[in-house]
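# Sequence isn't available, so here's the structure alone:
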Ligand SMILES: Cc1ncc(COP(=O)(O)O)c(C=O)c1O
Ligand SMILES: Cc1ncc(COP(=O)(O)O)c(C=O)c1O
């Protein structure tokens, strides 16, 4: 696969064009917003938490395929998970995105892969200026969860 | 003579150390001030004019040997002269200072030289950054005479 | 098409390869590449004459001063101006800030208005917002017509005695549209308003003569016209520069400094506090020499041809929308566009894989983006060193982007 | 004496001849010469990676951004600082103006006082005069003791709650005296005043670590430390930079721009409006790399030795008076002096005939000149590339000046 094909995998374009959970939440939730002033990507998230578990979430935003797909995939990945699981997921995602070329890249097709669709974002590592696009949703999620923690 | 010796002729050092007409005038006179902000030379002049003639003048200032000697020599040269003569002198002085090397420099020792001591300032032409030092007194004089003209 | 092709070898970076492809640099509206002549002039300055300017009685200081002031004369002559009214600044942004602070802070008051257009670069919006906040003045906007030029039909309703400053760009860095300089300056004059021209995109690309237009201030940047970063120029009418306060205090800009008060040096020095960008001035001077030798009319014609060709090629690409005038005589060579649902950053990344450099984003013109209803655009922009084959490469790259995004 | 002699070949200009003599450059307090490494870094930037920074998705833009931000990290590390608190400015002058406007304009009021010393450079006087005029605050001065250092004995009587800002230089560009940083910053802290350090002469010549001193802001210039013109740095404590308003509006420094309001980008970008001096940052980074490789303690020791030697040689010249501390541990290598009744400009001209470059004038410190009761001084200043023979040449030149002025 060319580097570009690895970047723009079908699953990414699918999430970009058909984002999961686009919108806002009604009822109790925390809200956070993030943006990349250097490229204009914007992302906002609503997260409903009950008993230490993310019961629902919704996202809005605009930006490149990577930032929006990353957000959409994140929705799929976090809803229904406990805060501990989400924290673990966040760490795994960050690790995947910062791993240097050749240094044991995660095999997305291996059995039991926790990151699921998100592993499609590995291709971004070959495009360092785009990594912050993939990170935006996750940084905004972290903000939201910090808020929730403070509020509780 | 070396270029430096030509610059710092004895007559210049004499005027620098023993400036003629240092001070201020009492009675009717015009006053003008000038400075070279780029090197800090300062010069002020009082000029008494009667019947189209400079009857007296006095100068104050601080600065390098060239600027102060030029002022002192100017005092000698202008007192007692008619305004027309002074205007002529100013033109001659400016011409001398801007004449390019080799282009018929004025011979200070020739008979009937109008500029007198002032011709000693010819050496300054080899030091372009110092020309404005020699010019300061004359520029200030021009200011004073313009004022006088406006007032009359 | 005027063939400036042979000049390409003057620009060392153009022989670089990017991701295995020859560089196709289509981002000159952001910053331009530099010819060897400019680099050599700066190098020679540092290697033989480097010293601080003014106030120096030694040979190097005299040489440096002559080079610095000589550069001022060159840059002034380039826009038909007097060096005594040509101030070196850090760039367009700094120049507009100086005008806003130095002229506006003491003079504007509650109820006054500053008129700009919605197509302005942040450099021509944010300084006025800051001065408005300090003074209570208000910022008002002219919008655009369907062909992305300033809607001068609105003028009548907006121009009144409250307008104290009219500030607009001579060429938009997004739409490429030329500003209606005469119309806006006449309107401003009818209410005695100050006219500020953001010429960051105009001076590099078209002949400009300050005697042919009626503006009070003009600002432009060296780095957008083959010169180095770190320097630009502000030209002003003598009476405006006289009445304007300096916004930076320090060495070189003073006449006499006492403990509690100071008097200022004459214009232009009044506005040049501290050690100026000396080597940069030398490089800027070499850049205008280079442009002069080619001729700004030749450069403008070359760009017009190239832009016409580009607009034609882009019109052949399905789902591509250009945000800017279709008529090449109404515009310069900055071409912003949107391609189907492919975000501008994705376009830029895909083109970059083939060595093609375009800009993507809001181009420091967020109010315009919002007005156009787009989050970002991709922008290709041309200069004297670009050639038609580079437009072809761009078109091919865009077709490839469609493919990658499954739009074949 | 630490022998840095072999480094001289890194500085092309040092092999120049002036009026038939090898250049003896003793004017580094005005601006320093540049090593090849600095020139090459800038040249390489322009030849291979030139593009506008940030906001760019193409390869050149990414490279330029990395080089620019990498330079910020180098300059920050050089003073023990965090890059996030290190702002690139046009130079020391611009930095102090930014602090005066950005921190002072909104906070100072009638009755407030700004404390400076009489030995300040105009860059550390005039901005405060301007802010005082805008706000009604007052500028007060500390004077000097007999050895030309700041008279800290006066402190007790002058320090009170009215003092809001204490701003002073770490090393005088005229007397060479080191500033009493700890004493003045403690005094300032006792009344919760802001501390601003003009480090234009300090950072180039001595090891400086912002963690070892208690100041809020620090300003210095690249061109005085082997780097290019057109750039300098302002370091600030994070809380100060947060609370400070930007003084220039434009691109890159914003977060969101709406029609009437904007929000700012995080520090340091908030203070860097418009296209920054990119190549200059790269050169500045190369300059601190060069200094780092030698070691600032080695450089300081070298200059101390050279200054000691110079003070000794100058003391042998009849009628010569040094305006500055005699004790080389209390001072840096800027040595101002007067020789009999020979005006400083005449000294500079005479020395220049032998290729010796010294500065003459008020050194942008007119209040100090007035305080010292001299119209001007001559100044020799040293840097790492100077050698004792150059001090000998200076001494010989001064004896020659005596002769020309008939003082035998
Ligand atoms: C002590 C001091 N402060 C400030 C400055 C101003 O520096 P710049 O001209 O680089 O802005 C200088 C340089 O002349 C200086 O010596
Ligand atoms: C129209 C316009 N105005 C102002 C600017 C700001 O110029 P600079 O960043 O050189 O200060 C630019 C450059 O981006 C521009 O295109």
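It's in. Source: prediction; values computed, not measured. Ligands and ions are numbered 1, 2, ... in the order given.

# could you point out where the chain is predicted with low confidence?
With no chain named, the answer covers chain A. A:1, A:99-114 (pLDDT under 70).

# wait, chain C
By pLDDT under 70, the low-scoring segments of chain C are C:1-2, C:55.

# Helices of that one, start to end?
For chain C, the helices defined by DSSP state H occupy C:36-44, C:59-78, C:92-99, C:126-135, C:155-158, C:181-190, C:238-243, C:278-294, C:296-315, C:344-352, C:366-372, C:388-404.

# Report the contact partners of residue C:176.
Neighbour list for residue C:176: C:307, C:324-325, C:331-336, C:381 [criterion: CB atoms under 8 Å, 6 or more residues apart in numbering or on different chains]. Quick note: C-beta positions are derived from backbone N, CA and C, even for glycine.

# at 7 Å instead, please
Counting by CB atoms under 7 Å, 6 or more residues apart in numbering or on different chains, residue C:176 touches C:324-325, C:331-335.

# Out of the helices of chain C, the one nearest residue A:22 is which?
Set against residue A:22 and scored by CB to CB, these come closest in helix C:344-352, at 18.7 Å.

# Give me the neighbour count for the closest residue to ligand 2 within the stretch 201-350 of chain C.
Closest approach between the stretch 201-350 of chain C and ligand 2, counting by CB to the nearest ligand atom: residue C:221, at 3.3 Å. Residue C:221: 30 surrounding residues under other CB atoms under 10 Å in any protein chain shown.

# That one contacts residue C:92, doesn't it?
Yes. Counting by CB atoms under 7 Å, residue C:221 does reach residue C:92; the two are 4.5 Å apart.

# Give the intersection of the neighbour lists for the two.
By CB under 7 Å, 6+ apart, residue C:221 and residue C:92 have these common neighbours: C:200, C:232.

# Is stretch C:85-105 in proximity to chain D?
Yes. Judged by CB under 7 Å from any CB of the partner chain, stretch C:85-105 comes into contact with chain D at C:90-94, C:97.

# contacting residues for the closest residue to chain B within the stretch 301-408 of chain C?
Closest residue of the stretch 301-408 of chain C to chain B, CB to the nearest CB: residue C:384 (37.4 Å). By CB under 7 Å, 6+ apart, residue C:384 lies in contact with C:4, C:7, C:294, C:299, C:302.

# List the residues that contact the third one.
I take that to be residue C:294. Neighbouring residues of residue C:294 by CB under 7 Å, 6+ apart: C:4, C:384.

# Please report how far it lies from chain A.
Separation of residue C:294 from chain A (CB to the nearest CB, to the nearest Å): 34 Å.

# again with the fourth one
Using CB to the nearest CB, one gets 31 Å for the distance from residue C:299 to chain A.

# about what we covered before: of all the helices of chain C, which gets the most neighbours per residue?
Among those, helix C:92-99 has the highest mean neighbour count (mean count of other CB atoms under 10 Å in any protein chain shown), at a mean of 29.

# now that one and helix D:92-99, what's the angle there?
Orientation check (axes from the mean of the first three to the mean of the last three CA atoms, to 10 degrees): helix C:92-99 against helix D:92-99 gives 60 degrees.

# contact partners of stretch A:85-93?
A:54, A:77-78, A:81, A:114-115, A:118, A:138, A:142.
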